[in-house]
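**Student:** Next comes the sequence, and after it the predicted model I'd like to discuss.
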Number of protein chains: 2
Amino acid sequence: MPHTYEFARAALTVDIVVFALDEEDLQVMLIQRDLEPFEGQWALPGGFVRVDETLDESARRELQEETGLQDIYLEQLYTFGGLKRDPRERVVTVAYYALVNLEGHNVHASTDARNAAWFSMNDLPDLAFDHSMILQTAHERLRGKLRYQPIGFELLPEKFTLRQLQHVYEVVLDRELDKRNFRKKVLGMEIVKETNEIEKDVAHRAAKLYRFDKKKYDRLTKQGFNFEI
Amino acid sequence: MPHTYEFARAALTVDIVVFALDEEDLQVMLIQRDLEPFEGQWALPGGFVRVDETLDESARRELQEETGLQDIYLEQLYTFGGLKRDPRERVVTVAYYALVNLEGHNVHASTDARNAAWFSMNDLPDLAFDHSMILQTAHERLRGKLRYQPIGFELLPEKFTLRQLQHVYEVVLDRELDKRNFRKKVLGMEIVKETNEIEKDVAHRAAKLYRFDKKKYDRLTKQGFNFEI
DNA sequence: CAATAATAGTGTCAATACAACACTAAGAAG
DNA sequence: CTTCTTAGTGTTGTATTGACACTATTATTG
């Protein structure tokens, strides 16, 4: 047994699972690769980490470059370090996941001469590298986190109806919720506050708009409050 | 703005937060560094990832080399990639946390001519690098995870009393639990099964020993059962 | 061997939280 | 003014939680 080993100086990338919500489904942003390997295939947005940036910075930069998204919810997910996950050489990737609302941000359909698009989580193409596994891990994490922490707001515009909020939970948790119980619970937690506006341009009675009460949320969190839904 | 950037080929390490439980406190294993930087200071066990091993393999190998521990609960925690976390050069570390029971494994007090020791989480020395932050992150994760998943068994020997199990929860969650309610809950979940043995060498009535019922646990988990305590 | 000391082991009840359930109100569209 | 669509609202039975105190068993000690 040798006394010295070759240490990995792995190429380091970040990959980002960007979730959003349309009327129906949970959506994820994918980018069509314009380079080998996996040229033409769909993949998660991401890229190499630069020497002068932290992992978080790198993830934010890639997101901005590839999708135009800025100032959104972003959280580190997991680090994937399989030996053969990139056929060229060893590449370790730090995966992140992000939540955006489609109304508030206008997402580049295409940047860097690359083709970017939203896909429903219920109708995904084959993905490059091990990105399917990363995506699955992100989906599980989102479900788990939403259950206990109010991150559903990140998928909605600043002002939203309780119907929309319920829809977030139904889509992500993949089960129907009772309207009355849901409203009781959310209003009971007192982490949304009513605005004096109502939704516009709907062909029926308009619902009140609410806003996430971050201050109250932070105060309750410090007291160890539990936001289970 | 240049068209090419220098990509990070960061040195990659793993660091492992090994938790155990003594009669009183949650304990963590630390190793006294015998090299610069931070020579003489206490640090988490860990080391460089080799080119031919995955991250998980690397974590298990380091754990084995530095503490003699094998076949224990090990889970990836978070990846720390701050620019200055190592004063020599950029080093990205993938942190893991592990749970062991002190009775079942005999842990090297010392390996590699290094000084290894258990420290109470309530009485920690200054740590090298950003290891205090890693340790804090691990502690939060352990608390969060224990709350919803039955990993408390990993800190106990194969056969244990309900008193011991309750103690795990009390120490990790840092609050007292009611004995009757705790027993009701754990037995109600049916994920422990009684052995026909009792504890030995105690100066009072001996308690029954139980064993974690992994099969039942797996079955219930697949059905989406929730193990909240 | 009797008394003591230490922990094992057990049940009830009140308060709270949860889940199931259906109708009226408001506004838009024709 | 009729119809359509979604907003908005309470009650009740059931299950879960949390608070609470005593007897049983075993080892130890005098």
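**Tutor:** Arrived safely, thanks for sending. Quick caveat, the model's predicted, so the values are computed rather than measured.
**Student:** The lengthiest helix in chain A: what's the following helix or strand?
**Tutor:** Longest helix in chain A by number of residues (criterion: DSSP state H): helix A:131-148. Next helix or strand after helix A:131-148 toward the C-terminus (DSSP states H and E): strand A:159-160.
**Student:** Now do that next one, average pLDDT.
**Tutor:** Across strand A:159-160, pLDDT averages out at 96.
**Student:** And for it, what's in contact with it?
**Tutor:** A:F153, A:T195, A:E197, A:L209, A:Y210, A:R211 (C-beta atoms under 8 Å, 6 or more residues apart in numbering or on different chains). For the C-beta atoms, the positions are set from N, CA and C on the backbone; glycine is no exception.
**Student:** Give me the subset of those that lies in helices.
**Tutor:** Among the contacts of strand A:159-160, no member falls in helices (DSSP H).
**Student:** can I get those in CSV with pLDDT?
**Tutor:** Compiled in CSV, the contacts of strand A:159-160 are given as follows (pLDDT from 0 to 100):
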residue, pLDDT
A:F153, 95
A:T195, 96
A:E197, 96
A:L209, 97
A:Y210, 97
A:R211, 96
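**Student:** Of those residues, just say which sits nearest to DNA strand C.
**Tutor:** A:E197 (12.4 Å; C-beta to the nearest atom of the strand).
**Student:** show me where chain A has strands.
**Tutor:** Here chain A has its strands, by DSSP state E, at A:11-21, A:26-32, A:42-43, A:46-48, A:73-80, A:91-99, A:110-111, A:114-120, A:159-160, A:192-198, A:208-212.
**Student:** mind listing what the first one pairs with, with the direction of each?
**Tutor:** Read it as strand A:11-21. strand A:26-32 (antiparallel), strand A:46-48 (antiparallel), strand A:91-99 (parallel) (DSSP bridges).
**Student:** Go through those strands and pick out the most buried.
**Tutor:** strand A:91-99 (a mean of 25; mean count of other C-beta atoms under 10 Å in any protein chain shown).
**Student:** how big is the angle separating it from strand B:73-80?
**Tutor:** Relative orientation of strand A:91-99 and strand B:73-80, computed by axes from the mean of the first three to the mean of the last three C-alpha atoms, to 10 degrees: 80 degrees.
**Student:** how's chain A carved up into domains?
**Tutor:** A:11-148, A:152-222 (automatic domain parsing).
**Student:** Within range of DNA strand D, give me the residues from chain A.
**Tutor:** Contact residues (C-beta under 7 Å from any atom of the strand) of chain A with DNA strand D: A:161-163, A:179-181, A:183-184, A:198, A:202-208.
**Student:** quick revisit: between the strands of chain A, which has the poorest mean confidence score?
**Tutor:** strand A:110-111 (a mean of 55).
**Student:** Please work out the average pLDDT along the longest helix of chain A.
**Tutor:** Mean predicted confidence for helix A:131-148 is 96.
**Student:** And stretch A:82-89, by the same measure?
**Tutor:** 95.
**Student:** What parts of chain A come near chain B?
**Tutor:** A:5-12, A:48-56, A:76, A:78-79, A:81-83, A:90, A:92, A:94 (C-beta under 8 Å from any C-beta of the partner chain).
**Student:** Could I have the ChimeraX command that selects the buried members from these?
**Tutor:** Buried subset of these, written as a ChimeraX selection, criterion 16 or more other C-beta atoms under 10 Å in any protein chain shown:
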select /A:8,10,11,12,48,49,53,54,55,56,76,78,79,81,82,90,92,94
